[in-house]
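> How does the following fold in three dimensions:
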Amino acid sequence: MDTRELLIDSFSRTGEVVREVLEGLGVEDLSFRPDPEANSIGWLVWHLTRVQDDHLAGALGKEQLWLAAGWMERFGLPFAPEAHGYGQTSAEVAAVRVPAELLAGYNAAVAAETVRLLGEVSDGELDRVVDERWDPPVTLGVRLVSVLTDGLQHAGQAAYLRGLIQRQA
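Take a look at the predicted model:
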């Protein structure tokens with residue numbers, strides 16, 4: 001297995017969890033929050049997908065599907081175009097009330113674009129600095145691992161919330 005195959009396989013696992021989590025859930029389930037300050041499944045899936053879309057596009061010099069493919073308009077959320085969930089308030093989390101099909105569609109589109117983009121990444125590019133706002137500066141390799149771990153963490157949180165919903169049913 002080479003680096004590209006490893007990255008593609010790793011990123012595909014987030015999408016697998018997302019598909020399982022969303023299956024059969026309605027908007028009310030997706031909006032469930034066990035505490036007024038907690039995140040919902042819908043917000044978690046939207047956020048992890050937005051971060052993957054935003055960060056990979058930025059690191060690889062491509063357009064975000066959120067903007068370029070019209071997902072922002074389809075979601076109709078009351079957020080700025082660049083919003084991806086980081087630092088959002090409880091009220092903003094609550095504003096993400098969308099159907100599973102929309103979340104799944106955006107996530108699948110970003111997953112497909114991720115596979116395409118990662119297929120073009122060479123081992124030598126992993127050391128390229130993509131963000132100098134940090135100390136030390138962030139390389140492409142570090143950014144990819146960061147997006148991957150963040151996505152898997154949020155997918156796991158969404159799976160946990162699904163379990164809570166099923167226990168209450």
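
> Name the single longest helix found in the protein.
In the chain, with assignment by DSSP state H, the single longest helix is helix 140-168.

> which of the residues in it are buried?
Judged by neighbour count using 16 or more other C-beta atoms under 10 Å, the buried positions of helix 140-168 are 140-144, 147-148, 150-152, 154-155, 157-158, 161-162, 165. All C-beta spots, glycine's among them, are computed from the backbone N, C-alpha and C.

> what do you get for stretch 50-68?
Those would be 50-57, 59-60, 64-66, for stretch 50-68 by 16+ other C-beta under 10 Å.

> now swap in stretch 93-106 and tell me
Residues of stretch 93-106 classed as buried by neighbour count (16+ other C-beta under 10 Å): 93-96, 98, 100, 102-104, 106.

> Turn those into TSV, columns for distance to residue 76.
Converted to TSV, these look like this (distance: C-beta to C-beta, whole Å):
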residue	distance to residue 76
93	16
94	15
95	10
96	11
98	8
100	16
102	10
103	13
104	17
106	13
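
> Which two among those residues are spaced furthest apart?
Distance extremes for those: the farthest pair is 94 and 104 at 20.8 Å, using C-beta to C-beta.

> Please, which helix or strand holds the closest residue to residue 30 other than its chain neighbours?
If the residues on either side of it in the chain are set aside, residue 30 comes closest to residue 42, at 3.6 Å by C-beta to C-beta, 6 or more residues apart in numbering. Assigned by DSSP states H and E, residue 42 falls within helix 41-60.

> Ok, residue 120 next?
Here residue 120 sits in a region with no helix or strand, counting by DSSP H and E.

> mind listing what it touches?
residue 60 (C-beta atoms under 8 Å, 6 or more residues apart in numbering).

> Please report phi then psi for it.
The phi and psi torsions at residue 120 (degrees, to the nearest 10) take the values phi -100, psi 0.
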